[in-house]
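**Student:** Quick one, structure for this:
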Amino acid sequence: MKRFGDDRDVFFERRFGMFIHWGLYAIPAWHEQILWRGKGMMTRKEYEQLIHQFNPEEFDPDAWIDMAQAAGMQYMCITTKHHDGFCLWDTKYTDYNIMNSPYGKDILGMLAEACARRNFPLSLYYSCPDWHHPNYPNLGRHHEMFGARAGDDHDIHKYYDFVRKQVEELCTRYGKIYQFFWDVNVAEHYDPSLNEMIRELQPGILINERGPGPGDYNTPERVVPEGNEFDKPAEAVQSLGRESWGYRENEDYYRYKYVMQSVDKVLAMGGNYMLNVGPKADGTFPAESVAALKEIGGWYNRIKEAFDGTFPASSLVYKDEIVTSAGHRIERDHVLATKRDHMLYIHLYRDMQTTA
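**Tutor:** Numbers count the residues shown, from 1 in each chain. Coordinates of the predicted model:
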């Protein structure tokens, strides 16, 4: 997967994607981890009753794809099952899924159909922890519930039998899958055969490093990395909102410029970037997210030639400073570069002070 010089790889053919965090947590509209971070705001029993309220009648997968494409994004990843255990597809292995909500339609199936029809790659997120399943050992570690409930049977091997069956569903019923995005293997369960199964069922799929076996790439989260080039394939993930990945009322959104600078630095370093939106409970994107995607996408579409088909070339900018045509002097540490053929692109990815 490593890229040197002009070597190309499927991982680097799509540089900018949309992340979607969506589920029952859009109803309380506070955080996708409200049960863990909310300090008693809701009990698990109260939260699980939200399944009877979830009815996203305004969900339109084509509208989601329209917004992603308008922003210059080249693929999409959706949370099929987050830590809360609620599933956005018609799974046979738990009743805690979208088919038992008032909506009663397979959201993942609808999105997969639209993505296939429009040749827009679809990736799937799947959480290793599960706050609902009786076999998952919720022992109060990070991103876990704070102990067993009556009737729980903590057994990590039984739980991963369940995971294997669900992952097989995801990889056999929804067409071509671009990436499989595991999240937070808190229990540190190691079973590389799961990723082997995914690769067998979905030849050519990309798998991240957060699961029960070796992955193809790293996923730095909410971090603008140091340095000027990644030493291994990386896909940075960031949300438009500072506080939550799921929909949050009164969210504190990042400045557009901050996100643009973050995207620029990560891509100029040779990484990819996935920017998250949390849809509202009705299935629409918040107005603030729509405005952000429009602004960020307008910028990205104007300059994406500096990323598509290029490779990191900051080592070619060897001088201690660059002097612009206007006579401004810019320190080397404020500059990154990408290159394609005989074209060198200079990226001024951060606020800086220049001297004339």
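
**Student:** hang on, residue 63 in a helix?
**Tutor:** Yes. Judged by DSSP: H, G, I helix; E, B strand; the rest coil, residue 63 forms part of a helix.

**Student:** Now do the same contact list for it.
**Tutor:** residue 284 (CB atoms under 8 Å, 6 or more residues apart in numbering). (C-beta placed from N, C-alpha, C; glycine too.)

**Student:** quick one: it from residue 285, how far?
**Tutor:** For residue 63, the distance to residue 285 (CB to CB, to the nearest Å) stands at 8 Å.

**Student:** all strands of the stretch 201-350 of the chain, in order?
**Tutor:** Secondary structure of the stretch 201-350 of the chain by DSSP state E, counting those that start in this stretch: the strands cover 206-207, 235-239, 272-277, 311-312, 321-323, 329-331, 336-340, 343-347.

**Student:** JSON lines please, covering the ones you listed and showing distance to residue 155, mean pLDDT and mean neighbour count.
**Tutor:** What follows is the strands of the stretch 201-350 of the chain, written out as JSON lines (distance: least, CB to CB, whole Å; pLDDT from 0 to 100; neighbours: other CB atoms under 10 Å):
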{"stretch": "strand 206-207", "distance to residue 155": "25", "mean pLDDT": "97", "mean neighbour count": "22"}
{"stretch": "strand 235-239", "distance to residue 155": "31", "mean pLDDT": "98", "mean neighbour count": "24"}
{"stretch": "strand 272-277", "distance to residue 155": "33", "mean pLDDT": "98", "mean neighbour count": "24"}
{"stretch": "strand 311-312", "distance to residue 155": "46", "mean pLDDT": "93", "mean neighbour count": "18"}
{"stretch": "strand 321-323", "distance to residue 155": "60", "mean pLDDT": "60", "mean neighbour count": "15"}
{"stretch": "strand 329-331", "distance to residue 155": "57", "mean pLDDT": "57", "mean neighbour count": "14"}
{"stretch": "strand 336-340", "distance to residue 155": "49", "mean pLDDT": "94", "mean neighbour count": "21"}
{"stretch": "strand 343-347", "distance to residue 155": "50", "mean pLDDT": "94", "mean neighbour count": "16"}
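
**Student:** For my notes, please list those strands in JSON lines and give distance to residue 195 for each entry.
**Tutor:** Shown next, in JSON lines, are the strands of the stretch 201-350 of the chain (distance: least, CB to CB, whole Å):
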{"stretch": "strand 206-207", "distance to residue 195": "5"}
{"stretch": "strand 235-239", "distance to residue 195": "16"}
{"stretch": "strand 272-277", "distance to residue 195": "19"}
{"stretch": "strand 311-312", "distance to residue 195": "27"}
{"stretch": "strand 321-323", "distance to residue 195": "44"}
{"stretch": "strand 329-331", "distance to residue 195": "43"}
{"stretch": "strand 336-340", "distance to residue 195": "31"}
{"stretch": "strand 343-347", "distance to residue 195": "34"}
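
**Student:** of these, which approaches residue 216 most closely?
**Tutor:** Minimum separation from residue 216 across the strands of the stretch 201-350 of the chain (CB to CB) falls at strand 206-207, 5.2 Å.

**Student:** Report the helix or strand with the lowest average pLDDT across the chain.
**Tutor:** Of all the helices and strands that make up the chain, strand 329-331 has the lowest average by mean pLDDT, DSSP states H and E, namely a mean of 57.

**Student:** What mean pLDDT does stretch 126-138 get?
**Tutor:** Stretch 126-138 carries an average pLDDT of 98.

**Student:** what comes up buried for it?
**Tutor:** Buried residues in stretch 126-138, counted by 16 or more other CB atoms under 10 Å: 126-138.

**Student:** Repeat that for stretch 175-188.
**Tutor:** Residues 177-183, 185-187 are the ones in stretch 175-188 that count as buried (16+ other CB under 10 Å).

**Student:** Report the two of those separated the most.
**Tutor:** The largest distance within the buried residues of stretch 175-188, taken as CB to CB, falls between 178 and 187 and amounts to 26.7 Å.

**Student:** Just the helices from the stretch 101-250 of the chain, written as ranges.
**Tutor:** Secondary structure of the stretch 101-250 of the chain (DSSP state H, counting those that start in this stretch): helices at 107-117, 156-173, 193-201.
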